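Student: give me the fold of what follows.
(2 chains)
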Amino acid sequence: MSRSLARAVPWFVSGALLVAAWFVAGATPDGEERITEPFPVAAEIGTPAVGRNLGVTVTDARLADRVTFGGWYAEGTWLVLDLEAWVVHTESPGALSAATLTVGDRVFRASERAQGYDSSASLFSTGLSLAVPQSGSIAFELPADIAADADAAVVRLAIETEFLGDSVIELPVDISAVERVDELELAATEWITP
Amino acid sequence: MTTPEPPGSASAAAGRASSGAPESPGHRTAFGRLRKATDRVPTKWFAAIGTGLFLAVTAAFGGLAPVAAEEEPPLDRLVAGETHTGEQLAITVQRAVLIDELPGSGAFPDEENGERLLVLLVEMENLWTEPLPASTASLTSQVAKSVGLSGDDRLVVGLVREDDQTFNPWLQPDVPALLAFTWTVGPDDYAGDQDLEVVLSDARLQIGSFLYTGESWLTPVPAAVVTVPIEDVGAGVEQ
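Tutor: Reported below is the predicted structural model:
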């Protein structure tokens, strides 16, 4: 009798642990979905915003109907950010790999077009440095009617290519209110002399 | 050991002791009794009973009569300049050009073997909410594969923007872009006076769940055929 009881004990313990795990999972907010959730760091124009490994100061945001860089140009509707960026802990990985503009449910990716002409035309996917911040620009190519979109717009910047499990710099932008110019020369990526 | 010895090992041991003797003492144990009980089950009827059940179930679902094949919707027939609008992309094939070479197209013909370039100018608009890569890289070539040549399943070699030759460009939501799809073709594959049939395919949005996250466009299915005349521009100073 005591033998079969001893044999049953592990089964009861396992069952009890499974039930306990079920309660723990139920008590965890949103279950597994938040494991990969990013950590937003709110930014505003002119003020440094620093996340886990990315520091950014957005200095200007403008809309332009035509952007140029050296011999390259493109017509359309462009949102151009001027910014300074640096890394905090490590340079590998330490590139500004993710730069998106979210307007409502539409997500725009920073344009790679000018970088096909000259890689210094954008800070997007540029390796950042621990010691010295770099200044430059990031441009988004947008639909012509974007300024009429009443949805909130947010620029999101991060080191990893996906916004997963790391800090993300989030800059709200009021597209209908930013200054609009006919033509804009993109700022070349440069070291900032302290 | 209080548990009884497994009958299998007992009979195996007996078999080893007197090899070749089918009647071993193990058969008189619990295993032997089980064997006797199963012998009474009419196993020879199992196949007949199974077949009968299968036929009954088949009859319940309409018998063995042939089922009408699912009718595939006919492909849209379009001409150059007409737009095919799917859920993911709006595609307008504008021109087809045969040309000796085209710097910036991303395709390099083997001129010694008479290869030339077949260039398709296609306007594409991303109707989805997220940017899409128009890329010839195999893992992300879904957008590239949505434009194909009828009867020619070669994947496009060069895929660039027409205006600034951005290689494998990204399509931003609701921002149309004119793209140049370029294939290297043999000297006799296509001729300047023929009509080219371009097959446009629609993909389906797959939303990840269970062991897979994210959304991706998969399984492109032909949806439209565009007939476009091929212009042979020779060496092609101006295409």
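Student: need the distance between the two termini of stretch B:80-100.
Tutor: Start-to-end span of stretch B:80-100 (CA to CA, to the nearest Å) is 22 Å.
Student: buried residues, that stretch. List them.
Tutor: B:80, B:84, B:86, B:88-89, B:91-93, B:95-99 (16 or more other CB atoms under 10 Å in any protein chain shown). For the C-beta atoms, the positions are set from N, CA and C on the backbone; glycine is no exception.
Student: show me those that map onto strands.
Tutor: B:H84, B:L89, B:I91, B:T92, B:V93, B:R95, B:A96, B:V97, B:L98, B:I99 (DSSP state E).
Student: tell me, how many residues neighbour the closest residue to the last one other than its chain neighbours?
Tutor: What sits nearest to B:I99 in space, not counting adjacent residues and going by CB to CB, 6 or more residues apart in numbering or on different chains, is B:G236, at 3.8 Å. When neighbours are defined as other CB atoms under 10 Å in any protein chain shown, B:G236 has 17 of them.
Student: show the pLDDT at the residue minimising distance to the centre of chain A.
Tutor: Nearest to the mean C-alpha position of chain A, counting by CA atoms, centre = their mean, stands A:L157 at 2.5 Å. The model reports A:L157 with a pLDDT of 96.
Student: ok, B:P4 next?
Tutor: 50.
Student: same check on A:T28?
Tutor: A:T28 is given a pLDDT of 74.
Student: and the gap between the nearest residue to A:F163 once chain neighbours are set aside and A:R156?
Tutor: Distances taken as CB to CB, 6+ apart place A:P38 nearest to A:F163, at 4.6 Å, with adjacent residues excluded. Counting by CB to CB, to the nearest Å, the separation of A:P38 from A:R156 is 8 Å.
Student: and what of A:F12?
Tutor: A:F12 sits 50 Å away from A:R156, taking CB to CB as the criterion.
Student: of those two, who's got more company?
Tutor: A:R156 (18 against 10).
Student: flag every buried residue along the top helix by length along chain A.
Tutor: Counting by DSSP state H, the longest helix found in chain A is helix A:2-27. The neighbour-count check on helix A:2-27 (16+ other CB under 10 Å) flags nothing as buried.
Student: can you tell if it touches chain B?
Tutor: No: using CB under 8 Å from any CB of the partner chain, helix A:2-27 stays clear of chain B, coming no nearer than 9.0 Å.
Student: where exactly do the helices run in the chain?
Tutor: Picking chain A for this. Using DSSP H, helices in chain A cover A:2-27, A:113-117.
Student: let's do chain B instead
Tutor: B:7-17, B:30-39, B:46-60, B:142-145.
Student: deepest in the core, which of those helices is it.
Tutor: helix B:142-145 (a mean of 20; mean count of other CB atoms under 10 Å in any protein chain shown).
Student: wait, does that one contact chain A?
Tutor: No: figure legend: helix B:142-145 not in contact with chain A (CB under 8 Å from any CB); closest approach 14.0 Å.
Student: joint contacts of A:P38 and A:R156?
Tutor: Common neighbours of A:P38 and A:R156, using CB atoms under 8 Å, 6 or more residues apart in numbering or on different chains, are A:F163, A:V168.
Student: and chain A, which of its residues are near chain B?
Tutor: A:72, A:74, A:76, A:105-109, A:111-113, A:116-117, A:140-143.
Student: repeat that with 7 Å
Tutor: Proximity of chain A to chain B (CB under 7 Å from any CB of the partner chain) is limited to residues A:72, A:74, A:105-109, A:112-113, A:116-117, A:141-143.
Student: and those, which are buried?
Tutor: Buried, going by 16+ other CB under 10 Å: A:72, A:74, A:106-109, A:112-113, A:116-117, A:141-143, out of those.
Student: surely B:P176 and B:L127 touch.
Tutor: No: taking contacts as CB atoms under 7 Å, B:P176 lies outside contact range of B:L127: 10.2 Å.
Student: can you read off the pLDDT for B:I207?
Tutor: Reading off the model, B:I207 has pLDDT 85.
Student: just the pLDDT at the closest residue to it other than its chain neighbours, thanks.
Tutor: In this structure, B:I207 finds its nearest non-sequential neighbour in B:E215, 5.2 Å apart by CB to CB, 6+ apart. Looking at B:E215, its pLDDT reads 86.
Student: any regions of chain A where pLDDT drops low?
Tutor: Regions of chain A meeting the criterion pLDDT under 70 cover residues A:1, A:30-33.
Student: ranges for the strands of it?
Tutor: A:39-42, A:49-50, A:54-69, A:72-87, A:98-103, A:106-109, A:134-142, A:153-158, A:167-173, A:179-185, A:190-191.
Student: with distance to B:G32 added, can I get these in TSV?
Tutor: Output for these, formatted as TSV (distance: least, CB to CB, whole Å):
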stretch	distance to B:G32
strand A:39-42	70
strand A:49-50	80
strand A:54-69	76
strand A:72-87	77
strand A:98-103	72
strand A:106-109	72
strand A:134-142	82
strand A:153-158	72
strand A:167-173	72
strand A:179-185	94
strand A:190-191	90
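Student: so for B:W45, which of those sits nearest?
Tutor: strand A:106-109 (64.6 Å; CB to CB).
Student: what is the neighbour count of A:T47?
Tutor: A:T47, neighbours per other CB under 10 Å, totals 10.
Student: can you put the helices of chain B in JSON lines and add mean pLDDT?
Tutor: JSON lines is the format used below for the helices of chain B (pLDDT from 0 to 100):
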{"stretch": "helix B:7-17", "mean pLDDT": "46"}
{"stretch": "helix B:30-39", "mean pLDDT": "82"}
{"stretch": "helix B:46-60", "mean pLDDT": "90"}
{"stretch": "helix B:142-145", "mean pLDDT": "91"}
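Student: kindly export the lengthiest strand in chain B (C-alpha atoms) in CSV.
Tutor: Determined from DSSP E, the single longest strand within chain B is strand B:215-232. In CSV, the C-alpha atoms belonging to strand B:215-232 read as follows (Å, rounded to 0.1, in the frame of the first residue of the first chain):
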residue,chain,number,x,y,z
GLU,B,215,2.5,38.9,-41.8
SER,B,216,3.7,38.0,-45.2
TRP,B,217,2.4,37.7,-48.8
LEU,B,218,2.5,34.1,-50.1
THR,B,219,1.3,31.8,-52.8
PRO,B,220,1.0,34.1,-55.8
VAL,B,221,-1.6,32.8,-58.3
PRO,B,222,-1.8,34.1,-61.9
ALA,B,223,-4.6,36.7,-62.1
ALA,B,224,-4.2,38.6,-65.3
VAL,B,225,-2.4,38.5,-68.6
VAL,B,226,-1.1,41.7,-70.2
THR,B,227,-0.4,41.7,-74.0
VAL,B,228,2.3,44.2,-74.8
PRO,B,229,4.1,44.7,-78.1
ILE,B,230,7.9,44.3,-78.0
GLU,B,231,9.9,47.3,-79.3
ASP,B,232,13.3,46.4,-80.5
